[in-house]
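Chemist: Turn this into a model:
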Amino acid sequence: MHCELLVPALFPTREPAREALAALRLPALELLLARGRTGGAPQLSPERWLVEAFGGEDAPLAAGALSVLADGGEPGENVWLRADPVHLRLGRKGVALIPSAAFDVSREEAETLCESLNHHFAGTLTIYPLVPGRWCARLQREIFAAAESPLEMAGELVHERFAAEPAARAWHSLLTEIQMVLHEHPVNAERERRGAPALNSVWLWGAGSAPRDAAGPWRSVSADEPLALGLARIAGMARRALPATVEEWLARAPADGRHLLVLDALRAAHALDDAEAYAARLRALEARWFAPLLAALRAGRIGMVSLHVPDAADARSFETIGGDLRRIWRRPRALQSYA
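Modeler: From the prediction side, this is the model:
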């Protein structure tokens with residue numbers, strides 16, 4: 001059995017998370033990285049890595065349509081995009097984007113806001129709150145949209161984004177109109193009354209129709225990331241939510257072949273510069289995943305563990321088989337040295 005891990009933000013690029021690594025030692029992960037073979041790779045977002053890993057090197061990042069597929073829907077031939085709720089915060093340098101990972105959104109709030117937006121944009125745009133913090137929109141026509149997710153845009157100044165791109169004018173116009181609908185909405189008035197960030201905009205990204213086909217080397221995909229599950233559905237692979245433990249995963253995975261697991265617990269804490277949460281989640285990954293996988297590799301229950309970190313400044317992949325663990329001259333080093 002070959003277990004492949006996609007672990008975004010493992011080698012952090014933002015300073016708070018990099019500083020959090022200074023006090024951390026993660027023996028199992030450090031050993032897997034030190035003893036395995038290392039390969040360089042182009043720097044990619046996790047979403048782009050997934051699309052290309054499923055054979056879509058030149059395909060658009062159709063995050064909206066793939067999210068609909070992951071949710072069990074049928075996107076058909078329509079143009080979809082993600083329309084994730086965000087908070088725009090005015091600062092001294094401009095308006096910064098705060099993704100929904102930074103705050104709570106209730107199901108009732110999401111449904112009420114989407115109902116108002118759908119009434120306003122009837123015949124042009126329909127938004128579906130698949131989950132409270134993740135919305136998808138169906139468009140009547142193709143439109144330029146960002147490729148970056150809200151997590152990639154966290155803290156960025158949104159009005160400068162694509163300012164020189166002529167094709168983005170319709171996108172900017174649509175965002176502005178959405179913000180006008182949300183500005184004084186009763187849901188946001190109530191959120192502000194209790195001190196919660198207003199859901200005063202959406203981030204439109206990942207436009208396109210669902211891919212007609214997808215193919216990858218894996219027999220199964222385990223993830224909470226909707227793009228991974230949507231692509232696995234198109235490819236006809238076994239797919240399931242990420243289990244809580246390695247033992248739970250091993251009990252359900254076939255005994256042979258390659259299997260992909262998306263461990264994306266670090267990404268939001270990294271994007272939000274929450275060093276304490278980043279460190280806590282990394283320790284949890286060590287206890288629940290890296291240490292048990294290392295034990296399974298030693299015991300021969302797994303033949304190979306691969307680990308992909310495509311979003312690092314120095315993007316790399318690592319492959320480790322049981323025999324590699326005997327390469328004692330390759331001394332483990334702190335994770336901070338990789339970042």
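Chemist: Just give the number of residues close to residue 223.
Modeler: Counted with other C-beta atoms under 10 Å, the neighbours of residue 223 add up to 22. (Glycine included, C-beta is placed from N, CA and C.)
Chemist: can you check the one 5 residues further on too?
Modeler: The burial count assigned to residue 228 is 30, neighbours taken as other C-beta under 10 Å.
Chemist: Identify all contacting residues around the helix or strand that it is a member of.
Modeler: With elements taken from DSSP states H and E, the one containing residue 228 is helix 226-235. Outside helix 226-235, the residues within contact range by C-beta atoms under 8 Å, 6 or more residues apart in numbering are 6, 47, 50-51, 54, 63, 65-71, 130, 134, 210-216, 218, 220-221, 223, 238-239, 260, 262.
Chemist: Any of the residues you listed buried? List them.
Modeler: For the contacts of helix 226-235, a burial check counting by 16 or more other C-beta atoms under 10 Å picks out 6, 47, 50-51, 54, 63, 65-71, 130, 134, 210-211, 214, 216, 218, 220-221, 223, 239, 260, 262.
Chemist: Please narrow these to those residing in helices.
Modeler: The members of these that map onto helices under DSSP state H are 47, 50-51, 63, 65-70.
Chemist: Just give me the longest strand of the chain.
Modeler: Counting residues, the longest strand in the chain under DSSP state E turns out to be strand 79-90.
Chemist: Convert that one to PDB, retaining C-alpha atoms only.
Modeler: Only the C-alpha atoms of strand 79-90 are listed here, as PDB (Å, rounded to 0.1, in the frame of the first residue of the first chain):
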ATOM      1  CA  VAL A  79     -20.700  27.900 -15.400                       C
ATOM      2  CA  TRP A  80     -20.100  27.700 -11.600                       C
ATOM      3  CA  LEU A  81     -17.800  29.600  -9.300                       C
ATOM      4  CA  ARG A  82     -17.200  29.700  -5.600                       C
ATOM      5  CA  ALA A  83     -18.800  32.700  -3.900                       C
ATOM      6  CA  ASP A  84     -17.500  32.300  -0.400                       C
ATOM      7  CA  PRO A  85     -18.700  34.800   2.300                       C
ATOM      8  CA  VAL A  86     -15.900  37.100   3.600                       C
ATOM      9  CA  HIS A  87     -15.500  40.200   5.700                       C
ATOM     10  CA  LEU A  88     -13.800  43.200   4.200                       C
ATOM     11  CA  ARG A  89     -11.900  45.200   6.800                       C
ATOM     12  CA  LEU A  90     -11.000  48.900   6.200                       C
END
